[in-house]
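K.L.:
below is the sequence, then the predicted model.
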Amino acid sequence: MNTKPSDALSIDVSAATVHYGPVLALDKANLQLGRGRVCGLVGMNGSGKSTLFKTIMGQIKPDTGSVRINGTDPLQARKSGQLAYVPQSEAVDWNFPISVREVVMTGRYGQMGWTRRAKKKDHAAVDEALARVELTSFADRQIGQLSGGQKKRAFVARCIAQGASIMLLDEPFAGVDKRSEATITKLLREVADDGGSVLISTHDLHALPELADEAVLLMRKVLMHGHPDQVLQAENLALAFGLDPMKRGGE
Ligand SMILES: Nc1ncnc2c1ncn2[C@@H]1O[C@H](COP(=O)(O)OP(=O)(O)OP(=O)(O)O)[C@@H](O)[C@H]1O
């Protein structure tokens, strides 16, 4: 990859090592992502993808190494609304009594102050985000009463309403219908075209060249970072997965 000056980097993870007790989850991992880029994060189960997301979000502080987000500390970046996150479906309580509109409105909390009273501009941002993910007519449903793809679109709408310049998406296409996948892919491209940065973990290697400008192969370390066509070469995938996952339809 071309190296860019660090002030142009949205995400700058440098030699980050993370342990959970005796388990080494990240081993001097490096990841640099610039503005206007969509990057696919690929690796087998347990390779450290979620840990890398948590490290970028500032939820985990690496044992060694450093993380800078838009040139600042991750917690600071989160506090100022620069970072948005779409969690894995398993990480969400779908029975929670909250409507789709309310979920999207949580993206505005950082801009509302302690009263959390929505103003006209907050309602307008939520309405616009709902329209962009084509969920306007589902806005008043309880969040659990959506299909898998619609649930993901609701969380993408929350990021859009937040107006974050960096979006992290953990498995946004798992269990998602084709229409939702196309809607989300189009939106992520728009976010990047507007100067944002998008990092997506995905097991869908076939979709990667269309989805992403760059791809990262993770196996505790970043084994490779480059153009998707280059990264998805069979010999590289063999390093990360042990065999060719393209031939068995993805990991
Ligand atoms: N809270 C935890 N305590 C102990 N070990 C953990 C914890 N969370 C993750 N691990 C371990 O750290 C390693 C990396 O896990 P992580 O969840 O980051 O991988 P992943 O690539 O996101 O996996 P998946 O694709 O299955 O979601 C794995 O060996 C996992 O078992």
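P.N.:
Received the coordinates, thanks.

K.L.:
can you map out the helices along the stretch 1-150 of the chain?
P.N.:
For the stretch 1-150 of the chain, applying DSSP state H, counting those that start in this stretch gives helices covering 49-57, 74-79, 100-106, 109-112, 120-132, 148-162.

K.L.:
relative to the ligand, which of these is closest?
P.N.:
helix 49-57 (3.3 Å; Cβ to the nearest ligand atom). For glycine as for every other residue, the C-beta is placed from the backbone atoms N, C-alpha and C.

K.L.:
what parts of this structure come near the ligand?
P.N.:
Within the chain, the positions lying close to the ligand (Cβ under 6 Å from any ligand atom) are 20, 23, 25, 43, 45-51.

K.L.:
repeat that with 8 Å
P.N.:
Residues of the chain lying close to the ligand (Cβ under 8 Å from any ligand atom) are 20-21, 23, 25-26, 43-54, 88, 170-171, 201, 203, 218, 220.

K.L.:
so the residue nearest to residue 207 when sequence neighbours are not counted, which of the three states?
P.N.:
Nearest non-adjacent residue to residue 207, counting by Cβ to Cβ, 6 or more residues apart in numbering: residue 173, 6.9 Å away. Under DSSP: H, G, I helix; E, B strand; the rest coil, residue 173 falls in the coil class.

K.L.:
can you tell me which of the residues of the chain next to the ligand are in strands?
P.N.:
Judged by DSSP state E, the residues of the chain next to the ligand include 20, 23, 25-26, 170, 201, 218 as members of strands.

K.L.:
the residues you listed, buried ones only, as a PyMOL selection?
P.N.:
In PyMOL syntax, the buried subset of those is picked out as below (16 or more other Cβ atoms under 10 Å):
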select buried, resi 25+26+170+201+218
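
K.L.:
what's the lowest-pLDDT member of the ones in strands among the residues of the chain next to the ligand?
P.N.:
Across the set of these, residue 170 stands lowest in pLDDT, at 90.

K.L.:
how many neighbours does the closest residue to it other than its chain neighbours have?
P.N.:
Excluding the flanking residues, the one nearest residue 170 by Cβ to Cβ, 6+ apart is residue 88, at 4.6 Å. When counting by other Cβ atoms under 10 Å, one arrives at 15 neighbours for residue 88.

K.L.:
how about residue 238?
P.N.:
Residue 238: 12 neighbours (other Cβ under 10 Å).

K.L.:
tell me which element it falls in.
P.N.:
According to DSSP states H and E, residue 238 maps onto helix 234-241.

K.L.:
which of the residues in that helix are buried?
P.N.:
Buried residues in helix 234-241 (16+ other Cβ under 10 Å): 236-237, 240-241.
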